[in-house]
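Q: Structure of the sequence below:
(one chain, ligands or ions: 2)
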Amino acid sequence: MHNLFSYSATQLLPTKLFIEPRGGNGRDVPRRGWIEVVCGSMFSGKTEELIRRLNRAKIARQRVEIFKPALDTRYHLEDVVSHNANSIRSTPVPVAQEMLLLAGGCDVVGIDEAQFFDESLIDVCVQLANRGTRVIVAGLDMDFQGRPFGPMPALMAVAEFVTKVHAVCVCCGEIASYSFRVAASEDKILLGETDAYEARCRPCFLAGMQGKSVVEAARRHEH
Ligand code: ADP
Ligand code: MG
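A: Ligands and ions are numbered 1, 2, ... in the order given. You can find the predicted model right below:
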């Protein structure tokens, strides 16, 4: 009988895609593409999660390419580096379209700091997935003012899988979804984030936005 119990546990779990990477690789299974988005605030573990998924694909002997926008040169030009110093080799690209050429023949494409690409990234990801590539996109879902960031909202709409990861609020220890900018600058893009940004929960982010100097003074007083 074809009921719920005739399916194996792994068939029921969408996370199987992340746990057990598969690409067909020209064997008996035709290669299928899809889009995964890993989003969240700064320090939420987006790059760690991207590296984890890509390393597993490499273990499965899949052909993997990692890209990041050429403007993100914080640590190393050709590495994707997480805040706990995990890293993976990557190719910086000035525009999203370059990935269509560079990713030819790849089973899996990883993209970090996706929020810094323009809206053309959405079409590029869709094209890659349509031609059979697993696309894993990591990026900030919100900017330092809590607004949806660049192509991320649309990418989340077209993705098969969206994972929102969370940091820890540095003010109160709750789950953090916001990147609070400590440095005084109105530029949307401000690199070197370890000093310039803090992961905060909603109330602590709001408090900071409304009365930054008061909150900052109170926190300095505590330490
Ligand atoms: P993201 O790419 O989302 O900015 P990373 O993957 O580079 O994040 O880094 C995640 C790591 O950052 C964590 O494993 C932890 O070691 C470190 N970290 C530093 N500050 C925080 C914080 N406030 N909350 C959670 N992790 C933090
Ligand atoms: Mg990151």
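
Q: Let's test this: mean pLDDT of stretch 32-42, rounded?
A: The average pLDDT for stretch 32-42 rounds to 97.

Q: Please shift the residue numbers so they start at 19 in all later answers.
A: All right, first residue 19 from here; so that's stretch 50-60.

Q: Mind listing what's buried along that stretch?
A: Residues of stretch 50-60 classed as buried under the neighbour-count rule (16 or more other Cβ atoms under 10 Å) are Gly51, Trp52, Ile53, Glu54, Val55, Val56, Cys57, Gly58, Ser59, Met60. Just so you know, the C-beta spots here come from the backbone N, C-alpha and C atoms, and that holds for glycine as well.

Q: That one and ligand 1 in contact?
A: Yes. For stretch 50-60, a contact with ligand 1 is found by Cβ under 6 Å from any ligand atom, at Gly58, Met60.

Q: Quick one: find the helix or strand in the protein with the lowest mean pLDDT.
A: Ranked by mean pLDDT, DSSP states H and E, the weakest helix or strand in the chain is helix 27-30, scoring a mean of 49.

Q: related to what we said a few turns ago, so which of the buried residues of stretch 50-60 comes closest to ligand 2?
A: Met60 (7.5 Å; Cβ to the ion).

Q: Ligand 2 contacts on this structure?
A: Lys64, Thr65 (Cβ under 5 Å from the ion).

Q: The residue minimising distance to the centre of the chain pairs with what?
A: Closest to where the C-alpha atoms of the chain average out (Cα atoms, centre = their mean) is Ala156, at 1.5 Å. Beta bridges link Ala156 to Val56, judged by DSSP bridges.

Q: Apart from its neighbours in sequence, what residue is nearest Cys222?
A: Spatially, and ignoring its direct neighbours in sequence, Cys222 is nearest to Cys189 (4.0 Å; Cβ to Cβ, 6 or more residues apart in numbering).
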